[in-house]
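Student: this one's sequence-less:
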């Protein structure tokens, strides 16, 4: 049996977290016919700002719960990471370490590799290109696909949506393409 300290300071197992996450889907549908997703909250934020763009002309107040949900996720993650989660070293599988070292990463000690996310790299022309370009592609792709990975993965797949299955496959393919074709250029 786990102690309270272990419960608070160690990651929860997948067989506890998975069903808890999965339980949100029927609860959201049952209590208000709401769809889970985080990317639409950016649209709601833009709709709050007075503008003349037709895409943002709607009553964002009916989806205010979505903004509060995203704020709660960010706040909860910050509190959890700041006060409870204590990991001295990031645990990376040995095969992943081997692959990352083969790509040219040398320091695998932190959560974010210095060779990719260090300020010396980020403020270079190549770093800005990949950061800005990647951010644009992710934002465009999420809106073009009609939702993010959580929206399509949780809500869409649970409703057997073909478009969500295609979107999830496209998100996965994009990650594979970036990892094996683009990441080596980012590191060099």
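Tutor: Sure thing, it's come through. Only a predicted model underlies this, so the values are computations on that prediction, with no experimental measurement involved. Residues are numbered from 1 along each chain as shown.

Student: what's the next secondary structure element after the lengthiest helix in the chain?
Tutor: Selection of the longest helix in the chain by residue count, based on DSSP state H, yields helix 125-145. Scanning forward in sequence from helix 125-145 by DSSP states H and E, the next helix or strand is helix 149-150.

Student: Can you pull out the residues in contact with that next one?
Tutor: Residues from elsewhere that reach helix 149-150, judged by C-beta atoms under 8 Å, 6 or more residues apart in numbering: 36-38, 168, 171. In this view, the C-beta of every residue, glycine as well, is placed from N, C-alpha and C.

Student: again, but for stretch 18-28
Tutor: 34-36, 154-155, 158.

Student: Nearest residue to residue 127 in space, please, no chain neighbours.
Tutor: residue 121 (4.7 Å; C-beta to C-beta, 6 or more residues apart in numbering).

Student: where along the chain do the strands fall?
Tutor: With DSSP state E as the criterion, the chain has no strands.

Student: In this protein, what helix or strand scores lowest on average pLDDT?
Tutor: When the helices and strands of the chain are scored by mean pLDDT, DSSP states H and E, helix 4-9 comes last with a mean of 70.

Student: Distance of residue 4 relative to residue 56?
Tutor: Using C-beta to C-beta, to the nearest Å, one obtains 46 Å as the distance from residue 4 to residue 56.

Student: now do residue 159
Tutor: When distance is defined by C-beta to C-beta, residue 159 is 27 Å away from residue 56.

Student: Between the two, which is the more surrounded one?
Tutor: Each of residue 159 and residue 56 has its neighbours counted (other C-beta atoms under 10 Å); residue 56 has more, 16 against 11.

Student: Please name the nearest non-neighbouring residue to the more buried one.
Tutor: Once flanking residues are discounted, residue 56 sits nearest to residue 47: 4.3 Å by C-beta to C-beta, 6+ apart.

Student: care to break the protein down by domain?
Tutor: Domain segmentation of the chain under automatic domain parsing yields 1-86, 92-188.

Student: just these: most buried one?
Tutor: Highest mean neighbour count among the domains of the chain (mean count of other C-beta atoms under 10 Å): domain 92-188, with a mean of 14.

Student: Check the offset of that domain from the chain's centre.
Tutor: 10 Å (C-alpha atoms, centre = their mean, to the nearest Å).

Student: what pLDDT, on average, does that domain get?
Tutor: The pLDDT scores in domain 92-188 average 83.

Student: mind listing what the residue lying closest to residue 60 once chain neighbours are set aside touches?
Tutor: Take residue 60 and drop its neighbours on the chain: the residue closest to it by C-beta to C-beta, 6+ apart is residue 47, 4.0 Å away. Residues near residue 47 by C-beta under 8 Å, 6+ apart: 56-58, 60.
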